[in-house]
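>>> have a look; sequence and predicted model below, questions after that.
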Amino acid sequence: MSITPFTLKVLEQCKITLPPNETTTTSFLPLTFFDIPWLFFSPSQPLFFYEFPHPTSHFTATIVPKLKQSLSHTLQHYYHFVGTFFPSSDLTKPPLICIDDMSVALTIAESNGDFFHFCSNYPRDLKDFHLLVPKLASSFSLEGKEELILVLAIQITLFPNVGLCIGHAFHHVVADGRTFHNFFNTWASYCCSFGSASSAFPLKSLPLYDRSVIIDVKGLEEVFLKEWRKRRLVHDIAIGREPNLEDVSGMVRATFLMSATEMEKIKCFIIN
């Protein structure tokens, strides 16, 4: 079930960097055998919908500055999100490169679409959500030979006087579900405490960057790297690409509401 075609107007495109006083030196974050298998997957594209009964003027003047500043403060803890994936041509293990001037692309947009259609529970045509998802751009090194792949992009789309949608595109290799959930909670916490550089989200939930604590006793890293190298040579793909709209033709997105009791039953089923 598809809706009447809607338009999307881009209000602003900007880049969010770390706070000026919270820079990091150049850092090469090596991948572990936990990360490498996710190189084969397409980017995750979660969407979050919120009711927001305010006009565009209020949104751009009041909410957008909060979102920008709080995102910047959040990135000081999740600086690998501003990094770039660098798959070198010699097929060595690719690192994430994080340097001071890197950033996360943020798009602010306005839509005339039906907000309640998007956040309803009945099946909806997958293509209807396409414009709400940001694009992950790629760039090239100074020599113009090596492709640098960004790992996170964010788009905030306003449905005037009704609601807003915060859409993400990120490569799973840079964050699993829990890490992304904690990133989003940290951003929300900073946004709620707008005006201060402190977050109410517990520091114990922040990511750990010390790769030395991960011991590969079974030699899985080389097994996964071998498969990744084969994929690069055969398909010339260093990391999973965004899905083609033609590939999702006829597919729908649906929402399933579950009670706490039902969720507990699923957890017990998985554990047992």
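In hand now; what should we look at?
>>> rest of the way, CA atoms for contacts and neighbours
OK.
>>> where's residue 70, which helix or strand?
helix 64-75 (DSSP states H and E).
>>> which of the residues in that helix are buried?
By neighbour count with 16 or more other Cα atoms under 10 Å, helix 64-75 contains the buried residues 66-75.
>>> beyond it, next helix or strand please.
For helix 64-75, the following helix or strand on the C-terminal side (DSSP H and E) is strand 84-85.
>>> contacting residues around that next one?
Outside of strand 84-85, the residues within contact range by Cα atoms under 8 Å, 6 or more residues apart in numbering are 94-98, 148-151.
>>> return the subset of these lying in strands.
The members of those that map onto strands under DSSP state E are 95-98, 148-150.
>>> considering those residues, which possesses the most neighbours?
Neighbour counts for those, by other Cα atoms under 10 Å, peak at residue 150, which reaches 25 neighbours.
>>> show me the contacts for that one.
82-85, 136-138.
>>> rerun at 7 Å
Contact analysis of residue 150 by Cα atoms under 7 Å, 6 or more residues apart in numbering lists 83-85, 136-138.
>>> rewinding a little: of the ones in strands among the contacts of strand 84-85, which is the nearest to residue 52?
residue 150 (30.1 Å; Cα to Cα).
>>> separation between the closest one and residue 169?
Distance, residue 150 to residue 169, using Cα to Cα, to the nearest Å: 10 Å.
>>> identify the contacts common to those two.
Shared contacts of residue 150 and residue 169, defined by Cα under 7 Å, 6+ apart, are found at residue 136.
>>> what about the helix or strand containing residue 187, average pLDDT?
Residue 187 is part of helix 177-192, with elements assigned from DSSP H and E. Taken as a whole, helix 177-192 carries a mean pLDDT of 90.
>>> over to stretch 210-222?
On average, the pLDDT along stretch 210-222 is 90.
>>> coming back round to it: which strands and helices lie in contact with the helix holding residue 70?
Counting contacts by 3 or more Cα pairs under 7 Å, 6 or more residues apart in numbering; DSSP states H and E, helix 64-75 packs against helix 177-192.
>>> the helix it packs on packs against which elements?
For helix 177-192, the packing partners by 3+ Cα pairs under 7 Å, 6+ apart are helix 64-75.
>>> the helix it packs on vs helix 177-192, what angle?
Calculated by axes from the mean of the first three to the mean of the last three Cα atoms, to 10 degrees, helix 64-75 forms an angle of 130 degrees with helix 177-192.
>>> can you list contacts of helix 64-75?
Contacts with helix 64-75, where a contact means Cα under 7 Å, 6+ apart, come from 16-19, 186-187, 190-191, 194, 197.
>>> do me a favour and average the pLDDT over that helix.
Mean per-residue pLDDT for helix 64-75: 93.
>>> again with stretch 19-37
Here stretch 19-37 scores 77 as its mean pLDDT.
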